[in-house]
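Visitor: Take this sequence and fold it.
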Amino acid sequence: MGREQWKKILVGSAGNMVEWFDWFVYASFATYFAGSFFPSGNPTAQLMNTAGIFAVGFFMRPVGGWLLGRVGDRKGRKAALTLTVTLMSASAVLIAIAPTYAVAGYGGAAVLLIARLLQGLSVGGEYAASATYLTEASSPEKRGFASSFQYVSMTAGQIVGLGLMIVLQRTMTDGALHSWGWRIPFIIGALGAAIIFYLRRNMLETEVYEESADADATVGGDDKGTIKALMAHKREAFLVIALTMGGTVAYYTYTTYLTKYLSNSAGLSKDTATLVSFCALVVFACLQPLAGALSDRIGRRPLLITFAIGSTFLTVPIMTLLQHAGSFWPALGLSLLALVIVTGYTSINACVKAELFPTGIRALGVALPYAIANALFGGTAEYVALWFKDSGIESGFYWYVAGCAAVSLIVYLTMRETRDIDLNQVKNADTAGAKPAKQNA
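Guide: Predicted coordinates:
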């Protein structure tokens, strides 16, 4: 890839990292601020309340996907990416200054809710805008590798968040962290978003979008980024929902929820649980480009199928063993095994979805169906897990994750390969009819 392509990928990835840092620190620091916004009592109930607000953010993602996907298709990928980081910065500021239950009663929880709604809007558009941008910014034979940096940057955001948590855990007392220290990451997130806003205002648009500015060959000019245009691609929209289902549940189980699970169910200390998650995610981030590059050689479907088979049949034993891991090394080994399996989905799902749609509807086509799937399955994963635990049948959640992966497996087995599709020639509502531009080695 040329210098300009790398520049686009790096700027897009840096912004994505900050976006997802702000998104994930809510979940990572929930164990510290849960008691600040809700009455004292059952710690699991407090976590369920904060997880509920976390899930609400996901239900705003379809709205954000629609609004910002429309912006991305009509005004450009750059415009959408700049707007998403603006919304995320505002939400981080709100969380940083939100009053506690002792000060404002449920008023603090209301501020938290508004902030999560803004985050939902932002991330609803960020995923599709960055997926589309990274896919379009790369050369055809490197799309899997380039788009894998979406999850590299997403995971990097969480790694930075967990790294900050480790630093704070070792430099602050537990009481200080519960009292006010949890606000620090949100202040940092707001500052980081402001920096990214400047970078994104000066980023380059993708050549694919510029060459198809009017999108007359694929979508009528007035219909770019509209629901009407998306309805001409109903099959692809359904595919995005179905292929996302298993992947998003597994991803949020082994990333967002893992730290809580290790401390709240497996009995590890918060410090140890955080360190396990941090180390596992570092390895996970390094695997993404390798798997993405592999998909450029062997195709997308083999990786997706491998993920689905592994997640379907190994989730229950992995989660059961994790619950009895007892110490750092067994917990880390099992977490790494789970994340290696999930890599089959995360490393390439961005480009697979982008490859399904023509240029004039690509951002919305990825954004809205993906956001719907995340609202239904990804955003609720943590709440479902805590509900099963609170009901005394925690193992039911393991089977739920495996079942979602099984549904996606059926989709992966029946869908067509997308590796060799020319992004400038995707015209039909039926992707199966799209002609490959070239066959790569």
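Visitor: Which residue ranges of the stretch 51-200 of the chain form strands?
Guide: With DSSP state E, counting those that start in this stretch as the criterion, the stretch 51-200 of the chain has no strands.
Visitor: which stretches of it have low pLDDT?
Guide: Along the stretch 51-200 of the chain, the model assigns pLDDT under 70 to residues 54.
Visitor: which residues in it form helices?
Guide: 61-74, 77-97, 101-104, 107-136, 143-147, 149-171, 174-179, 184-201 (DSSP state H, counting those that start in this stretch).
Visitor: tell me the most buried of those?
Guide: helix 143-147 (a mean of 29; mean count of other C-beta atoms under 10 Å). (Each C-beta comes from the backbone N, C-alpha and C, glycine too.)
Visitor: thinking again about what came up before, looking at the helices of the stretch 51-200 of the chain, which is closest to residue 288?
Guide: Nearest to residue 288 among the helices of the stretch 51-200 of the chain is helix 149-171; the distance by C-beta to C-beta comes to 4.7 Å.
Visitor: Figure out how far the closest one is from the centre of its chain.
Guide: Put simply, helix 149-171 sits 14 Å off its chain's centre (C-alpha atoms, centre = their mean, to the nearest Å).
Visitor: Find the nearest non-adjacent residue to residue 60, please.
Guide: In space, residue 60 comes closest to residue 120 once its chain neighbours are excluded; the distance is 2.8 Å by C-beta to C-beta, 6 or more residues apart in numbering.
Visitor: ok, now residue 293?
Guide: Among residues not flanking residue 293 along the chain, residue 145 sits closest, at 4.4 Å (C-beta to C-beta, 6+ apart).
Visitor: With distance to residue 330 added, can I get the helices of the stretch 51-200 of the chain in TSV?
Guide: Formatted as TSV, the helices of the stretch 51-200 of the chain follow (distance: least, C-beta to C-beta, whole Å):
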stretch	distance to residue 330
helix 61-74	35
helix 77-97	34
helix 101-104	37
helix 107-136	33
helix 143-147	33
helix 149-171	19
helix 174-179	25
helix 184-201	29
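Visitor: re earlier: the residue nearest to residue 60: what's it in contact with?
Guide: By C-beta atoms under 8 Å, 6 or more residues apart in numbering, the contact set of residue 120 is 56, 57, 58, 59, 60, 61, 63, 64.
Visitor: now do residue 72
Guide: Applying C-beta under 8 Å, 6+ apart to residue 72 gives the contacts 79, 80, 81, 125, 128, 129, 132, 225, 363, 364, 367.
Visitor: What of residue 341?
Guide: 250, 306, 307, 310, 311, 314.
Visitor: Can you tell me which of the residues you listed are buried?
Guide: 250, 306, 307, 310, 311 (16 or more other C-beta atoms under 10 Å).
Visitor: just checking, the fourth one touches residue 339?
Guide: What it means is residue 310. No. Judged on C-beta atoms under 8 Å, residue 310 makes no contact with residue 339 at a distance of 10.9 Å.
Visitor: three-state assignment of the nearest residue to residue 355 once chain neighbours are set aside?
Guide: Take residue 355 and drop its neighbours on the chain: the residue closest to it by C-beta to C-beta, 6+ apart is residue 418, 4.0 Å away. Following DSSP: H, G, I helix; E, B strand; the rest coil, the label given to residue 418 is coil.
Visitor: as a whole number, average confidence for the one helix or strand residue 36 maps to?
Guide: Residue 36 belongs to helix 30-37 when assigned by DSSP states H and E. For helix 30-37, mean pLDDT rounds to 79.
Visitor: Just list what it packs against, helices and strands only.
Guide: helix 43-59, helix 101-104, helix 107-136, helix 174-179, helix 258-264 (3 or more C-beta pairs under 8 Å, 6 or more residues apart in numbering; DSSP states H and E).
Visitor: before we move on, the earlier item: counting only helices, which of the buried ones among the contacts of residue 341 make the cut?
Guide: Among the buried ones among the contacts of residue 341, DSSP state H puts 250, 306, 307, 310, 311 in helices.
Visitor: biggest separation within those, which pair?
Guide: Largest separation among these by C-beta to C-beta: 250 and 306, giving 12.7 Å.
Visitor: Contact partners for the nearest residue to residue 409 once chain neighbours are set aside?
Guide: Sequence neighbours aside, residue 308 is the residue nearest to residue 409 in space, at 3.5 Å (criterion: C-beta to C-beta, 6+ apart). Residue 308 is in contact with 246, 344, 345, 405, 406, 408, 409, 412, counting by C-beta under 8 Å, 6+ apart.
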